[in-house]
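> Provide a 3D model corresponding to the input given below.
(one chain, ligands or ions: 1)
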Amino acid sequence: MSDNAVVTEARRRRTFAVISHPDAGKSTITEALALHAQVIGEAGAVHGKGGRKGVVSDWMAMEQQRGISITSAVLQFAYRDCVVNLLDTPGHADFSEDTYRVLTAVDCAVMLLDAAKGLEPQTLKLFEVCRHRRIPVITFINKWDRPGMAALELLDEIETRIGVRPTPLTWPVGIAGDFHGVIDLRADHMVHFERTPGGSRAAIEEVVAAPEAAARYGDDYGTAVEEIELLAASDQAHDQKLFLEAVTTPVLFGAAVANFGVRQLLDVLIELGPPPSPTPDVSGEPRPIEAPFSGFVFKMQANMNPAHRDQVAFLRVCSGRFERGMVVTHGPSGRPFTTKYAQAMFGSSRDTIDEAYPGDVIGLVNATNLSIGDALYVDRKVTFPPLPSYAPEHFAAIRTTDTSKAKRFRKGIAQLDAEGVVQVLYSDLRGEQAPVLAAVGPMQFEVAAHRLQQEFSVPVTVDSLPFSMARRTDANGALALRGAPGVETFTRARDGAVLAAFPNRWRLQTVANDHPDVPLEPLLADT
Ligand code: GDP
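Have a look, this model is predicted:
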């Protein structure tokens with residue numbers, strides 16, 4: 001295949017994730033998007049909730065008991081002339097470092113806000129990760145069919161709390177709870193929405209010209225027009241360059257549950273959302289899209305299928321064409337890796353994938369030797385920058401109750417660290433048989449304990465520790481903080497970073513006041 005064909009395919013890709021707080025409507029909008037587009041496949045598992053159709057992953061008994069999934073799903077669909085990859089960012093109890101890591105594999109994010117709640121904690125954390133990576137963000141204000149904040153108030157909140165200028169592309173006619181439709185600011189007409197019975201099909205849309213809209217919607221339309229004039233006066237027009245630089249965020253309004261505004265979102269994603277761009281390597285040199293195949297592992301998943309007892313590495317394609325059966329090189333070991341079993345794992349079965357292009361995600365089974373951040377490539381060696389570590393919020397001491405298994409215990413812990421399941425911390429005081437696990441979500445401790453018991457046959461006990469946040473310090477800082485009540489310092493196995501853990505923000509503040517010379521830097525996604 002020619003270089004040109006790879007570039008053409010890459011240009012058709014839109015790879016994005018939804019960042020939101022639980023209950024803002026992520027699952028609902030995912031389903032609504034799928035109604036508008038032709039679903040090519042679902043990789044991994046989309047969690048099915050309360051009777052809704054969903055693909056429940058079956059990889060772990062614990063997961064089944066709880067009826068939730070720990071899987072990051074990839075949904076691929078065709079829309080207009082594009083291929084859209086929607087990567088799931090697990091929330092609720094599934095919230096973990098993986099959720100953040102998914103954002104290393106996307107080119108764009110949709111920030112989904114509940115019109116009644118505005119910016120919520122998990123959205124802010126995920127937004128910080130987008131900001132760090134300079135990912136362009138499109139904002140969708142959801143649930144406009146029921147009472148909520150005023151549209152201008154929501155824009156103001158976005159601007160003041162996250163410092164990104166909102167540039168609306170649609171504007172609601174009718175306040176939240178009394179929704180008639182939106183004025184499409186690019187087309188300069190109104191789109192009236194009507195529910196389909198049951199809401200199980202795309203909403204009926206009617207284009208209404210301005211004079212007709214004024215007559216039909218009276219004051220509501222007049223108010224919307226006045227608000228739009230206010231926006232025009234305050235420099236809130238869309239600017240593609242500023243959007244791609246993540247300085248501004250286009251804003252759309254809708255109601256995912258009734259499918260209102262979802263088509264507009266897809267259109268904006270296709271028309272304004274960026275296609276994959278060259279991925280910088282560890283030295284900052286971008287690897288061109290048309291270079292031979294390369295990709296990096298952003299997620300590891302163990303035991304997707306208990307009958308197979310294997311590992312799946314999720315890989316984002318960065319350059320070239322991936323073809324199943326290709327023999328690629330595993331960067332860190334220099335060893336060949338066969339991709340005969342490369343899979344897209346569509347639905348609950350595992351379908352093999354035959355080809356993939358930049359922006360796509362593939363699942364590699366039997367990937368026991370791969371770790372988070374590893375590069376795989378053909379012909380020209382590439383090393384991508386290591387994936388960042390994020391601010392842990394939960395801490396637990398873990399040890400084995402069977403001292404004869406000390407060696408195996410350490411091996412298992414190292415394996416979980418390499419897969420990025422948990423962050424592993426050590427301290428001189430506790431010793432190497434008593435590491436501390438740190439995680440973004442508490443569920444990860446259960447995953448770690450379960451895997452140590454099942455895969456390594458090491459019985460363990462896990463005791464949660466009274467810390468809720470960490471800051472990066474240095475060796476001198478660790479010495480200075482020795483003995484400070486409620487504070488403990490550790491070395492992170494993954495990168496040797498020295499971390500200080502605190503029970504809460506207030507204790508951090510007093511320690512910072514008492515030790516002005518000790519560096520206490522926030523970690524990524526600290527808000
Ligand atoms: P998630 O946790 O972000 O995946 O949220 P869900 O998609 O499960 O939605 C949470 C709740 O909000 C569900 O009861 C949905 O039916 C409801 N919901 C989602 N979108 C809308 C909307 O546009 N309008 C209204 N009224 N409810 C919505």
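
> Flag every buried residue along the strand or helix carrying Leu75.
Per DSSP states H and E, Leu75 falls inside strand 74-79. Buried residues in strand 74-79, counted by 16 or more other CB atoms under 10 Å: 74-77, 79. Using the backbone N, CA and C atoms, a C-beta is placed for each residue, glycine as well.

> Around the ligand, pick out the residues from the protein.
20, 22-28, 49, 91, 142-143, 145-146, 255-257 (CB under 6 Å from any ligand atom).

> what about burial for the residues you listed, which qualify?
20, 24-28, 91, 142-143, 145, 255-257.

> got those residues as CSV, with distance to Phe467 and secondary structure columns?
Listed next are these as CSV, based on distance: CB to CB, whole Å; DSSP: H, G, I helix; E, B strand; the rest coil:
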residue, distance to Phe467, secondary structure
Ser20, 27, coil
Ala24, 28, coil
Gly25, 33, coil
Lys26, 29, helix
Ser27, 32, helix
Thr28, 35, helix
Gly91, 23, coil
Asn142, 34, strand
Lys143, 35, coil
Asp145, 42, coil
Ala255, 40, strand
Ala256, 37, helix
Val257, 39, helix
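
> Determine which two of the residues you listed are furthest apart.
Gly91 and Asp145 (21.8 Å; CB to CB).

> follow-up on the earlier one: ok, the buried residues of strand 74-79 vs Arg134, which is closest?
Val74 (22.4 Å).

> Tell me the secondary structure at the nearest residue to Glu419 once chain neighbours are set aside.
Once flanking residues are discounted, Glu419 sits nearest to Met300: 4.0 Å by CB to CB, 6 or more residues apart in numbering. Of the three states, Met300 takes strand under DSSP: H, G, I helix; E, B strand; the rest coil.

> my guess is Gln423 meets Pro392, correct?
Yes: counting by CB atoms under 8 Å, Gln423 touches Pro392, with 5.7 Å between them.

> overlap in contacts of those two?
The overlap between the contact sets of Gln423 and Pro392 (CB atoms under 8 Å, 6 or more residues apart in numbering) consists of 97, 438-439.

> The helix or strand hosting Thr15 to strand 74-79, inter-axis angle?
For Thr15, the host element (DSSP H and E) is strand 13-19. On the basis of axes from the mean of the first three to the mean of the last three CA atoms, to 10 degrees, strand 13-19 is oriented at 130 degrees to strand 74-79.

> Could you take the buried residues of strand 74-79 and lay them out as JSON lines, with extra columns for pLDDT?
Formatted as JSON lines, these follow (pLDDT from 0 to 100):
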{"residue": "Val74", "pLDDT": "81"}
{"residue": "Leu75", "pLDDT": "83"}
{"residue": "Gln76", "pLDDT": "84"}
{"residue": "Phe77", "pLDDT": "84"}
{"residue": "Tyr79", "pLDDT": "93"}
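
> out of the residues you listed, which one sits closest to the ligand?
Taking CB to the nearest ligand atom as the measure, the ligand lies nearest Leu75 of the buried residues of strand 74-79, at 13.3 Å.

> gap between the closest one and Asp178?
Separation of Leu75 from Asp178 (CB to CB, to the nearest Å): 32 Å.

> contacts for the strand holding Thr15?
Residues outside strand 13-19 that contact it (CB under 8 Å, 6+ apart) are 26, 29-30, 82-89, 102-103, 105-112, 123, 126-127, 130, 137, 269-270, 273-276, 316, 357-361.

> just to revisit the earlier point, just put the shared contacts of Gln423 and Pro392 in a markdown table and tack on pLDDT and neighbour count.
Output for the shared contacts of Gln423 and Pro392, formatted as a markdown table (pLDDT from 0 to 100; neighbours: other CB atoms under 10 Å):
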| residue | pLDDT | neighbour count |
| --- | --- | --- |
| Glu97 | 94 | 25 |
| Ala438 | 98 | 27 |
| Ala439 | 97 | 22 |
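
> Direction included, what does the strand holding Leu75 pair up with?
Under the criterion DSSP bridges, strand 74-79 sits next to strand 38-43 (antiparallel), strand 82-87 (antiparallel) in its sheet.

> which parts of the helix or strand just after the last one are buried?
In the C-terminal direction, the helix or strand that comes right after strand 82-87 (DSSP H and E) is helix 97-102. Across helix 97-102, burial judged by 16+ other CB under 10 Å covers 97-102.

> before we move on, what about stretch 146-158?
Across stretch 146-158, burial judged by 16+ other CB under 10 Å covers 148-149, 151, 154-155, 158.

> By pLDDT, rank the buried ones among the residues of the chain next to the ligand and give me the bottom one.
By pLDDT, Gly91 ranks lowest within these, coming in at 85.

> Identify the residues contacting the closest residue to that one other than its chain neighbours.
Using CB to CB, 6+ apart and skipping residues adjacent in sequence, the residue nearest Gly91 is Pro22, 4.7 Å away. Shown in contact with Pro22 (CB under 8 Å, 6+ apart): 91-92, 122.

> Now name the helix or strand holding Pro22.
Assigned by DSSP H and E, Pro22 belongs to neither a helix nor a strand.
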